[in-house]
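Generate a structure from the sequence data that follows.
(one chain, ligands or ions: 2)
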Amino acid sequence: MGEVDPAFIQEPEHRPKVSYIEGKGVPLIDLSPILSSNNVSAIEFEGLVKEVGDACKCWGFFQVINHGVPLEKREKIDDASRKFFAQSLEEKRKTCQDYGQEMVKLAYKLLELIALSLDLPADRFHGFFKDQTSFIRLNHYPPCPTPELALGVGRHKDAGALTILAQDDVGGLEVKQKTDGEWVRVKPTPDAYIINVGDIIQVWSNDTYESVEHRVIVNSERERYSYPFFLLPPLSTMVEPLEELTNKKNPAKYRAYNWGEFISHRSQSNFQKQKVENLQISDFKISE
Ligand SMILES: O=C(O)CCC(=O)C(=O)O
Ligand SMILES: [Fe+2]
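Ligands and ions are numbered 1, 2, ... in the order given. Coordinates of the predicted model:
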């Protein structure tokens with residue numbers, strides 16, 4: 001392997017630690033109570049809603065198992081991505097479309113749990129995604145000769161509503177723990193999806209839930225693949241705290257902003273090394 005392009009070398013304060021914390025890590029949530037084939041008691045369902053709410057509040061991140069997404073669909077997209085040039089464009093399109101449909105189904109289930117956890121009607125968020133601009137990204141991280149100096153993806157927050165990520169067994173995603181600001185590795189779990197709340201849910205929930213910083217560490221031996229699905233509303237959407245979640249005592253913390261304008265600013269800069277912060281929802285924060 002050759003020299004590393006200096007463009008990839010991070011400033012010292014952003015370089016990863018060689019050892020990492022695995023600890024208890026982000027919560028793992030079993031979604032089997034909402035699999036359609038299961039009969040579920042009210043207590044079990046309420047327990048699940050609470051688990052999701054607590055994870056959104058304390059971590060901004062969680063993993064889900066028994067989510068109902070057929071493993072075969074995930075294997076297909078993994079295959080298509082690894083053999084990128086071996087398949088026709090038509091085949092790849094079909095695979096991505098099939099996978100996308102499964103992601104949308106799972107996203108709606110998660111949105112329902114999140115809405116309920118905020119004491120909102122289960123379908124409160126559905127209307128925002130009629131003409132959604134959601135997409136899937138196929139990420140490939142080649143091995144890096146100097147993983148202690150570089151990052152696969154620098155620290156950032158996801159700007160959308162919700163992200164559903166499939167990672168392979170290599171690992172490397174780190175989440176900034178809210179309690180102490182330490183970077184915590186998300187342990188690869190077979191057939192689990194990693195879910196995180198994006199900036200839009202932070203604003204809708206008026207900061208009850210927070211979009212949390214994360215980044216990706218690379219390693220010198222193994223390449224890594226990951227597939228995030230970003231749940232995004234139409235570009236014309238004005239994003240602002242939900243009326244039901246604001247009142248005199250707890251007024252809106254954000255001014256409304258236009259999603260399309262926000263994302264077009266962001267996409268010019270989100271993954272670059274930043275000296276100054278790029279456009280953030282905090283730019284729309286109403287000062288107290
Ligand atoms: O590859 C990963 O694990 C995460 C990538 C990511 O954070 C992103 O694409 O927004
Ligand atoms: Fe991300």
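
Just grab the bridge partners of the residue of the stretch 1-150 of the chain found nearest ligand 1 for me.
Closest residue of the stretch 1-150 of the chain to ligand 1, Cβ to the nearest ligand atom: N139 (4.7 Å). Just so you know, the C-beta spots here come from the backbone N, C-alpha and C atoms, and that holds for glycine as well. Bridge pairing for N139 (DSSP bridges) gives the partners S226.

Quick check: it touching Y227?
Yes. Between N139 and Y227 there is a contact at 7.0 Å, judged by Cβ atoms under 8 Å.

And those two? Which one has more around it.
Between N139 and Y227, counted using other Cβ atoms under 10 Å, Y227 has the larger neighbour count: 21 against 15.

pLDDT score for that one?
Here, the pLDDT recorded for Y227 equals 96.

Then S37?
Value for S37, per-residue pLDDT: 67.

Over to the one 5 residues further on?
Here, the pLDDT recorded for A42 equals 89.

measure it to P33 for me?
From A42 over to P33 the distance is 10 Å, taken as Cβ to Cβ, to the nearest Å.

Give me the buried positions along whatever helix or strand K73 lives in.
Element membership for K73 (DSSP states H and E) is helix 71-82. Neighbour-count burial for helix 71-82 flags 73-74, 76-78, 80-81 (criterion: 16 or more other Cβ atoms under 10 Å).

Spit out the contact partners of the residue of the stretch 51-200 of the chain found nearest ligand 1.
For the stretch 51-200 of the chain and ligand 1, the shortest gap (Cβ to the nearest ligand atom) falls at L173, measuring 3.7 Å. The neighbourhood of L173, defined by Cβ atoms under 8 Å, 6 or more residues apart in numbering, consists of 165, 167, 185-186, 194, 214-217, 226.

again, but for P228
Applying Cβ under 8 Å, 6+ apart, we find P228 in contact with 136-137, 139, 158, 163-166.

Looking at A42 and P33, which is more packed in?
Remark: of A42 and P33, P33 carries more neighbours, 17 against 7, as counted by other Cβ under 10 Å.

Please name the bridge partners of the spatially most central residue of the chain.
Centroid-nearest residue in the chain, with Cα atoms, centre = their mean: T163, separated by 3.1 Å. Beta-bridge pairing of T163 under DSSP bridges involves N196, F230.

Which residues of the stretch 151-288 of the chain lie near ligand 1?
Within the stretch 151-288 of the chain, the positions near ligand 1 by Cβ under 6 Å from any ligand atom are 153, 158, 165, 167, 173, 214, 216, 226, 228.

Identify the residue spatially nearest to the first one, adjacent ones excluded.
With Cβ to Cβ, 6 or more residues apart in numbering as the measure, V216 is the residue that lies nearest to V153, at 4.1 Å, once sequence neighbours are left out.

wait, doesn't the one you found sit right on H140?
No. Using Cβ under 8 Å, V216 makes no contact with H140, being 11.4 Å away.

which residues are common contacts for these two?
By Cβ under 8 Å, 6+ apart, the residues touching both V216 and H140 are R224.

who touches the helix holding K73?
Residues from elsewhere that reach helix 71-82 (Cβ under 8 Å, 6+ apart): 87, 91-92, 95-96, 98-99, 102, 136, 138, 140, 166, 168, 191, 225, 227.
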